[in-house]
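# need a 3D model of the following:
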Amino acid sequence: MRKLVLLALVGLGAQLVDGSLGMAYGVTSTTLLLAIGANPAAASATVHLAEIGTTLASGASHWKFGNVDWGVVAKIGIPGAVGAFAGATFLAGLDTSVAAPVMSLILLSLGIYVLVRFTVRGLRKDRLGQPLRKRFLAPLGLFAGFVDATGGGGWGPVGTPAILASGRLEPRKVIGSIDTSEFLVSVAASLGFLIALGSQGVNFAWVGALLIGGLVAAPIAAWLVRHIPPRVLGSAVGGIIVITNSRTLLKSDWVGASAGTRWVVYAVIYAVWAAAVTYSVRAHRTESTLAPEPVHSAPGGRELAPDPA
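A predicted model of the protein is given here:
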């Protein structure tokens, strides 16, 4: 019973972060399941089954708060489902350990770009509103879905920074669209696992516990992302990406850093991340203060003076 309560709390925390920042539910939940003894395929299957419910709730909540671009959902979600089904079906015969550091290096570079871009310059507005084309979103969805199924998480870490870096969609809609399209990915991955493995190794009590926690957090996260300023949200997302992928690289055979070295690096990254978010908050407040007051129009088109403070 204690383990189920812990899993529910993990599901709540993971969905709160995922729904607010567009990533981390799968990575967080799968890591815990592996730590308590689940094999990789069963852990990924368990998480994706739970995500069918959490992503449906999260997508509905983001839609309610106006955080979803349905064109993006369709263009990235359908290829993502294809990639997820393929990844789940062939997981047992795939070795992704060699590819993991390469992927983490790419994602780390994207994370640094997003962190610096949003902290120093805020939301890029010269491309904002331009359409995200299928030739960009389809391959991205295919790759992200495959990574998500084989690694137990990765839809958000791959999709969110790539779309944020394009500067064509505001952060809250990037997160809302990624979270909503993940429902298709979760359904496809779950079908792939059930076909390849049956229900072998899947603990449905664990699925239920993760699901309950995620359902509680989904509407809270969708409300939060609606009210966090885009510049601050971008800095927060960039930091999450940098932290997550730095850990993977430092623990990989490529680097093999000692525990002491890793903690020093983590401390430096956290300090830089905190400073970046703080700077973004202050910059947003300054921009809000300097922004021109809205001009109200009277009937007939005559302009009225701004309202007194």
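
# okay, now the unreliable bits of the stretch 151-300 of the chain?
151-152, 199-201, 290-300 (pLDDT under 70).

# helices of that one, residue ranges please.
155-166, 171-197, 204-227, 230-251, 259-290 (DSSP state H, counting those that start in this stretch).

# TSV for those helices, including mean neighbour count?
Placement of C-beta: from N, CA and C, glycine included. Putting these into TSV (neighbours: other C-beta atoms under 10 Å) gives the following:
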stretch	mean neighbour count
helix 155-166	27
helix 171-197	26
helix 204-227	20
helix 230-251	22
helix 259-290	13
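
# which one of the ones you listed lies nearest to Pro139?
Smallest distance to Pro139 across the helices of the stretch 151-300 of the chain (C-beta to C-beta): 10.2 Å, for helix 155-166.

# what is the closest one packed up against?
helix 2-21, helix 25-35, helix 70-89, helix 99-116, helix 134-151, helix 171-197, helix 230-251 (3 or more C-beta pairs under 8 Å, 6 or more residues apart in numbering; DSSP states H and E).

# pretty sure Lys53 is in a helix, no?
For residue 53 the amino acid is Gly, not Lys. Yes. Assessed by DSSP: H, G, I helix; E, B strand; the rest coil, Gly53 belongs to a helix.

# dump the residue contacts of the nearest residue to it once chain neighbours are set aside.
The shortest distance from Gly53 to any residue other than its chain neighbours is 4.6 Å, reached at Leu211 (C-beta to C-beta, 6 or more residues apart in numbering). Going by C-beta atoms under 8 Å, 6 or more residues apart in numbering, Leu211 touches Gly11, Ala50, Gly53, Thr54.

# per-residue confidence for the third one?
pLDDT for Gly53: 88.

# can we start the residue count at 428 from this point?
Sure, I'll start numbering at 428, so the last one becomes Gly480.

# neighbours around it, how many?
Around Gly480 there are 20 other residues, counting by other C-beta atoms under 10 Å.

# hang on, it packs against Val643?
No. Here Gly480 does not reach Val643: they are 11.5 Å apart, not a contact under C-beta atoms under 8 Å.
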